[in-house]
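Asker: dropping the sequence and predicted coords here.
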Amino acid sequence: MKPKMSEGLSRYLKWLYPNLKVKRWFLLAVLGIFLFATGFSVMNDGVALGYAELQFREVIYRVTGSTPLTAVPAGVVISALGIFAIILGFKRMLYSIISSVLPDNEGRIVDVIYARHHLRRGPKIVVVGGGTGLSALLRGLKQYSCNLTAIVTVADDGGSSGKLRLEMGIQPPGDVRNCLVALADTEEIMDTLFSYRFESGTMEGHSLGNLLLAGLTDTFGDFQKGIEKISKVFAIRGKVFPSTLEQIVLKAEFEDGSQVEGETAVRDTEGKIHRVCLEPSDCHPLPEALQALEEADLIVLGPGSLYTSVLPNLLVGGLRDKIREVKAPCVYVCNVMTEKGETDGYRVSDHLRAILDHCGPNFVDAVLANKGEVTATSLMRYVKEEAVPVVTDPKDVENLGAKYFEAHLVQEGDVIRHDSDRLAKELVRLLFRLKPMGERIALVDAYLLSQKLRE
């Protein structure tokens, strides 16, 4: 007991160490409290007060040069100074502490604290997919809730992720890294660090974020534990889980009967895909991911490549069965553009049909598609890729058993992609429409609060 007591005492005594920039502001706040109480004492007329208080008032009169007749104004001034000292002292003390814990955020401390506490009241949303589409969606959703869970495909076998997977036997970290960056409070700093890519030497082609995840996986012996450590360091608004911790290979069978193995081969091989599968087929999801699905208010599939980002997650049997089992509505966000080698000529209903062919009927409750037009200038960039905007067909979607919703979701730039803010806002609205009336009040509260935070 004594060692523990001494450790606790020494921990508290550390607050007295020099150069912490805390003690001075704490003492100023204490002085403010004393002045505030003193001001009220001076203003009191002294009836029924004890001798000690009368003597104390006399000292105040002499120090301030006031008399009982002028005591009230003097007391008001002293109390006002006390209030000012209290506010300044506690404010500066908090800034000194928080600026050390949250560097570069001291200018928006109140916003950070307010967001951290109130975004916890937001809806529980689980997003399933991979690629840049998933990270773009998370970047928008974190403005509405921090109860977010990303379930990310680990079938990637190309680029830096593929090399690390082959050399170290770990899950490909690329898509997970992008999700962590998107969910970080300090997104710009984290993006600069994690996206840095070495251009020469033995690490050529590797990103710093991928190497960090690989190093943490090697240190702790578990890919998920490495993700959790990074999440704590960078204050991630949500959780990120790989769809499985087993080494999986994506396989595809084309309509002409040919077959290929590996995500890169599936993406690059021309022809119409008939079906995809995983090897091993009996891979298992993480229990934490299943728990997140169990508690979810909304499950979102995509946006992302249909056969190489979305479906590989749904081929993990436990995840697919859990999504079908839970009460939360499942929404599929269709891509804006077709993808050569995967979805050539696909309409919205073709995307949905592919999911239902792999997961069974009535798996998806609603489909969200883009209705905004894409400019000719942007489309010209996709001529070489033989990609065109996905054609919408609401009636065919509804004939497949899913509700159809559409909105202007496009963000045009060097590439055509979903706008993070528009997509997130539309999904929150969609969640409101799909929920029973009794559960809508909390959602409205979270939505209005998030709007106030963004203003």
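Answerer: Okay, I see it.

Asker: for the stretch 101-250 of the chain, just list every one of the helices.
Answerer: 109-118, 131-141, 159-168, 174-183, 187-194, 208-220, 223-233 (DSSP state H, counting those that start in this stretch).

Asker: between the fifth one and helix 174-183, how big is the angle?
Answerer: An angle of 150 degrees separates the directions of helix 187-194 and helix 174-183 when computed by axes from the mean of the first three to the mean of the last three CA atoms, to 10 degrees.

Asker: who are the packing partners of helix 187-194?
Answerer: Packing partners of helix 187-194 (3 or more CB pairs under 8 Å, 6 or more residues apart in numbering; DSSP states H and E): helix 174-183, helix 208-220. C-beta: built from backbone N, CA, C; applies to glycine.

Asker: quick revisit: columns distance to Leu250, mean neighbour count and mean pLDDT on top of the helices of the stretch 101-250 of the chain, output as CSV?
Answerer: Shown next, in CSV, are these (distance: least, CB to CB, whole Å; neighbours: other CB atoms under 10 Å; pLDDT from 0 to 100):
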stretch, distance to Leu250, mean neighbour count, mean pLDDT
helix 109-118, 38, 14, 61
helix 131-141, 13, 24, 92
helix 159-168, 12, 18, 88
helix 174-183, 13, 26, 93
helix 187-194, 25, 16, 78
helix 208-220, 19, 19, 91
helix 223-233, 18, 17, 90
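
Asker: can you pull the pLDDT of Val428?
Answerer: Reported pLDDT at Val428 in the predicted model: 89.

Asker: surely Thr217 meets Gly226?
Answerer: Yes: between Thr217 and Gly226 there is a contact at 4.3 Å, judged by CB atoms under 8 Å.

Asker: shaky segments in the protein?
Answerer: 1-26, 29, 35-76, 78, 94-118, 187, 437-455 (pLDDT under 70).

Asker: how much space separates the residue nearest the centre of it from Glu294?
Answerer: The residue lying closest to the centre of the chain (CA atoms, centre = their mean) is Leu183, at 3.1 Å. Distance of Leu183 to Glu294, given as CB to CB, to the nearest Å: 21 Å.

Asker: helix, strand, or coil at the nearest residue to Phe84 once chain neighbours are set aside?
Answerer: Leaving aside its chain neighbours, Phe84 sits nearest to Gly32 (7.0 Å; criterion: CB to CB, 6 or more residues apart in numbering). The three-state label given to Gly32 by DSSP: H, G, I helix; E, B strand; the rest coil is helix.

Asker: give me the neighbour count for Gly32.
Answerer: 21 (other CB atoms under 10 Å).

Asker: that one: what's it in contact with?
Answerer: Neighbour list for Gly32: 81-89 [criterion: CB atoms under 8 Å, 6 or more residues apart in numbering].

Asker: would you turn those residues into JSON lines with neighbour count?
Answerer: Below are the contacts of Gly32 laid out as JSON lines (neighbours: other CB atoms under 10 Å):
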{"residue": "Leu81", "neighbour count": "16"}
{"residue": "Gly82", "neighbour count": "21"}
{"residue": "Ile83", "neighbour count": "14"}
{"residue": "Phe84", "neighbour count": "14"}
{"residue": "Ala85", "neighbour count": "21"}
{"residue": "Ile86", "neighbour count": "19"}
{"residue": "Ile87", "neighbour count": "12"}
{"residue": "Leu88", "neighbour count": "14"}
{"residue": "Gly89", "neighbour count": "20"}
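
Asker: of those, closest to Leu138?
Answerer: Nearest to Leu138 among the contacts of Gly32: Ile87, at 37.9 Å, using CB to CB.

Asker: helix or strand for that closest one, just tell me which one.
Answerer: Using DSSP states H and E, Ile87 maps to helix 71-101.

Asker: again with Ser378
Answerer: Assigned by DSSP H and E, Ser378 falls in helix 376-380.

Asker: off-centre distance for that helix?
Answerer: 32 Å (CA atoms, centre = their mean, to the nearest Å).

Asker: return the set of buried residues in the next helix or strand after that helix.
Answerer: Downstream of helix 376-380, the first helix or strand assigned by DSSP H and E is helix 394-399. Within helix 394-399, the residues that count as buried by 16 or more other CB atoms under 10 Å are 394, 397.

Asker: next one: stretch 256-271
Answerer: Buried residues in stretch 256-271 (16+ other CB under 10 Å): 260, 262-267, 269.
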